[in-house]
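Visitor: Below are the sequence and a predicted model for it; my questions follow.
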Amino acid sequence: MKSTKLILPLILVSSFLFSCSNVSPQQTISQDGIKYELAEDKASYAIAGYEDSLEGKVSLPGKVNGATVKSLKSQAFKANSKITSVICPDSIETIEEGAFYDCASLSEIDLGKGVKDIADVVFYKDPLLKHISMPSSIESIGVFNFNGCASLEYNIKDNAYYLGNSSNPFSLLWSIDTKASEVEIPSQCAVIAPDAFNNVRNSVLKKVLLPSSLKGMGLRTFYNSFYLEECNLPKEAPLKTIPEAAFFSCCSLKAIQIPNKVEAIETEAFYNCKSLTSLVLPDSLLSLGVSSFRKCEGLTEITLGKNLTSLGDNAFMDCISLEKLTLPSSLKEIGKQAFLSCSSLNQLVIPESVTSIADYAFAGCTNLSLFFKASSLPSGVSSLYKPSSMMAYFYSEGKPTSEGSYWHYQNNIPTAW
């Protein structure tokens, strides 16, 4: 009987502990003047707002209610006129749009060691903000982040303005103002902010050496840098995206290499880079954005990566000198007017993987012959909208017995039967 009496309480205690361990975290929490919301992963929290009582020096916790705090939500501390300094835990990875917008008394922020992504206007209109500790973990930063931060102090090297931390003063290149013809960015730099080279558009800057540590570039990084001839992007750099308008109208740019981990080249990234003659894209690349190489009038040859899946609208529009291009067997989509007016392109093999060819993709390609690896048009293509002079052939390994336009390989060259 004694043993039975002992076993029953143990079963009850075990059941209680099990049920407690499976209790779902609270959706919202308010603690020490800070409001938290359960994140989408249902396992961590995001700082969502504050109470009127929050003031002075604020140290944000790495955990609340036993769960990790990973982000600051949009406008989390917007218009708080009482906080003077903020210390973020190392667990914070993302800071959303306007998180510290218009904090009139804020003078110092330590972002911790784990922040990766900073959205737009996070520190906008913080007039007393003097010090920001920017970690080396940073991978991206949005636009207009320090507009209205008249008191902000930067680390200055060779007329370039950086934000960093005690161990790395060069984590983020914010802007540069130089009269030099060549610039080398320090090896510790992780990210270049949007419009960083805005002040050198009309200078004599011809060459930029970027570090192998580079993880991110902001929008319009070299926008309208008319005299820039060479930009060295190391192959081993962990950069994953060439952002929108990064090299827009860099008319003198003659040479650039794309790092081996780049997965996307975004809208108008190389628009009107008319001095580029050839380019090799890495196998890591998955997509080319809208007008990504539009009006690259001097481009004669480009090698596309083996894993590319989509060509955006107008991707190579007005590349009037483009002669040599091989589409990879991974390609699925060819966007609207993707090759419009590529008048020097004389042959193009369309792999069987292609399921979509948008309207006027080859309009104005007056010297082009299309060689489809398939025996008919892809199911998602109703019409090619091709010029009357352009021929389209379909693959047939043996000599066809039926009427139509067919082709095969002869000495590895597409040849019509």
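Guide: Everything's here; your move. Numbering: from 1, shown residues only.
Visitor: State the next helix or strand along the chain beyond the lowest-mean-pLDDT helix or strand in the chain.
Guide: Lowest by mean pLDDT, DSSP states H and E among the helices and strands of the chain is helix 2-21, with a mean of 44. Per DSSP states H and E, the first helix or strand lying C-terminal to helix 2-21 is strand 28-31.
Visitor: helices and strands around that following strand, which ones?
Guide: strand 34-38 (3 or more CB pairs under 8 Å, 6 or more residues apart in numbering; DSSP states H and E). C-beta: built from backbone N, CA, C; applies to glycine.
Visitor: Please name the strands paired to the strand it packs on in the sheet, noting orientation.
Guide: When pairing is defined by DSSP bridges, strand 34-38 lines up against strand 28-31 (antiparallel), strand 45-50 (antiparallel).
Visitor: quick one: low-confidence ranges for the protein?
Guide: 1-24, 201-202, 380, 382, 386 (pLDDT under 70).
Visitor: related to what we said a few turns ago, pick the most deeply packed of the strands paired with strand 34-38.
Guide: Most buried of those by mean neighbour count (mean count of other CB atoms under 10 Å) is strand 45-50; its value is a mean of 21.
Visitor: quick revisit: which among the strands paired with strand 34-38 is found nearest to residue 127?
Guide: If you check each of these against residue 127 by CB to CB, strand 45-50 wins as the nearest, at 19.4 Å.
Visitor: coming back round to it: out of the strands paired with strand 34-38, which comes closest to residue 111?
Guide: Going by CB to CB, the one of the strands paired with strand 34-38 nearest residue 111 is strand 45-50, 13.1 Å.
Visitor: Using PDB, write out every CA atom in that closest one.
Guide: Output of strand 45-50 as PDB, limited to C-alpha atoms (Å, rounded to 0.1, in the frame of the first residue of the first chain):
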ATOM      1  CA  TYR A  45       9.400  37.700 -29.400                       C
ATOM      2  CA  ALA A  46       9.700  41.000 -31.200                       C
ATOM      3  CA  ILE A  47       9.800  44.400 -29.500                       C
ATOM      4  CA  ALA A  48       6.600  46.100 -30.700                       C
ATOM      5  CA  GLY A  49       6.200  49.300 -28.700                       C
ATOM      6  CA  TYR A  50       6.600  51.100 -25.400                       C
END
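Visitor: so after that strand, what's the next helix or strand?
Guide: With secondary structure assigned by DSSP H and E, strand 45-50 is succeeded by strand 56-59.
Visitor: Check the offset of that following strand from the chain's centre.
Guide: Distance of strand 56-59 from its chain centroid, counting by CA atoms, centre = their mean, to the nearest Å, is 33 Å.
Visitor: Now do it: which elements does it pack against?
Guide: Using 3+ CB pairs under 8 Å, 6+ apart: strand 56-59 touches strand 83-87.
Visitor: could you give the angle of the strand it packs on to strand 45-50?
Guide: Between strand 83-87 and strand 45-50, the angle comes out at 180 degrees (axes from the mean of the first three to the mean of the last three CA atoms, to 10 degrees).
Visitor: What strands flank the helix or strand that strand 83-87 is followed by, and is each parallel or antiparallel?
Guide: Using DSSP H and E, the helix or strand that directly follows strand 83-87 along the chain is strand 94-95. Sheet neighbours of strand 94-95, with direction, are listed as strand 67-72 (parallel), strand 117-118 (parallel) (DSSP bridges).
Visitor: hey, what's the residue nearest the centre of the chain bridged with?
Guide: Nearest residue to the geometric centre of the chain (CA atoms, centre = their mean): residue 241, 3.8 Å. Beta-bridge partners of residue 241, counted by DSSP bridges, are residue 264.
Visitor: any idea how far residue 88 lies from residue 70?
Guide: Residue 88 sits 11 Å away from residue 70, taking CB to CB, to the nearest Å as the criterion.
Visitor: neighbour-wise, which of these two wins?
Guide: residue 88 (23 against 19; other CB atoms under 10 Å).
Visitor: Mind putting the strands paired with strand 34-38 into TSV with distance to residue 77?
Guide: Shown next, in TSV, are the strands paired with strand 34-38 (distance: least, CB to CB, whole Å):
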stretch	distance to residue 77
strand 28-31	15
strand 45-50	6
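Visitor: what's the closest of those to residue 286?
Guide: strand 45-50 (29.1 Å).
Visitor: Need the contact partners of the closest one.
Guide: 25, 28-29, 33-39, 60, 64-65, 67-73, 75-77, 80 (CB atoms under 8 Å, 6 or more residues apart in numbering).
Visitor: Apply the buried test to these and list what passes.
Guide: 25, 29, 34-39, 60, 64, 67-73, 75-77, 80 (16 or more other CB atoms under 10 Å).
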